[in-house]
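In: Have a look; sequence and predicted model below, questions after that.
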Amino acid sequence: MTNMEPRKPFIIGVSGGPTSGKVITISMESFYRELSDEERALAEKGEYDFDHPTAFDFDRLADTITKLEQGFSVTIPRYDYLISSSDGVLKLEPADVIIVEGILAFYDERIRRKFTMKLFVDADADVRLARRGKYALQVKPAFEEFCQPTMKYADVIIPRAGENDVAIDLITNPRPWIFRMVLISIEPDFDII
């Protein structure tokens with residue numbers, strides 16, 4: 001970092017129900033906290049609720065975003081569902097656009113306040129049901145209690161997630177036309193991670 005104050009990055013939060021088709025850049029999945037032996041045993045039986053707020057290390061996620069805002073490189077854990085633990089790290093360099101994605105991206109107020117823009121991907125519950133096992137036992141109750149109420153914080157709600165081609169292009173294309181207009185109004189030469 002130089003003596004110059006780093007430019008404040010454009011931070012976007014993307015939330016929505018599990019498996020609704022969001023972009024992954026900094027995934028909340030990298031911020032699952034390490035499980036206790038008892039929790040690991042539950043996870044091995046498919047009985048641990050990874051969609052509950054207590055499954056995440058929000059402090060570490062907030063710290064990671066803050067460091068990126070300040071222009072520092074960070075390393076984040078790479079979570080492996082097969083072993084229910086972190087398996088290595090990923091290094092991220094600071095950039096002008098940071099996308100944070102996850103089912104509870106808007107749950108923690110400290111993190112939510114960092115987002116310049118908040119997108120909520122709203123997929124039909126039946127579509128999500130078809131994509132995820134144990135939906136009725138864990139996923140649906142956690143979504144209804146913790147994720148769905150955060151929709152009120154979204155600046156943009158994207159309906160019909162998997163079949164909404166315009167919205168998919170808006171999120172997945174690094175510089176789609178409408179998004180480019182927003183970015184250019186702030187700074188014409190953005191780096192995107």
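Out: Received, thanks.

In: Just the buried positions in the helix ranked longest in the chain, please.
Out: Counting residues, the longest helix found in the chain (DSSP state H) is helix 58-69. Under the neighbour-count criterion of 16 or more other C-beta atoms under 10 Å, helix 58-69 has Phe58, Leu61, Ala62, Thr64, Ile65, Leu68, Glu69 buried. The C-beta positions use only the backbone N, C-alpha and C, and glycine is treated the same way.

In: with these in mind, which one is nearest to Thr75?
Out: Thr64 (8.9 Å; C-beta to C-beta).

In: ok, now which ones touch the residue nearest to the closest one when sequence neighbours are not counted?
Out: Of all residues not flanking Thr64 in the chain, Val74 sits nearest, at 5.1 Å (C-beta to C-beta, 6 or more residues apart in numbering). Going by C-beta atoms under 8 Å, 6 or more residues apart in numbering, Val74 touches Thr64, Lys67, Leu68, Lys91, Leu92.

In: repeat for Thr150
Out: Remark: with contacts taken as C-beta under 8 Å, 6+ apart, Thr150 is in contact with Ser15, Leu104, Ala105, Phe106, Tyr107, Arg112, Phe120.

In: For the closest residue to it other than its chain neighbours, report the pLDDT, please.
Out: Nearest non-adjacent residue to Thr150, counting by C-beta to C-beta, 6+ apart: Phe106, 3.7 Å away. For Phe106, the model assigns a pLDDT of 96.

In: for Phe106, helix, strand, or coil?
Out: coil (DSSP: H, G, I helix; E, B strand; the rest coil).

In: What's the local residue count around Asp122?
Out: Close neighbours of Asp122, defined as other C-beta atoms under 10 Å, add up to 20.
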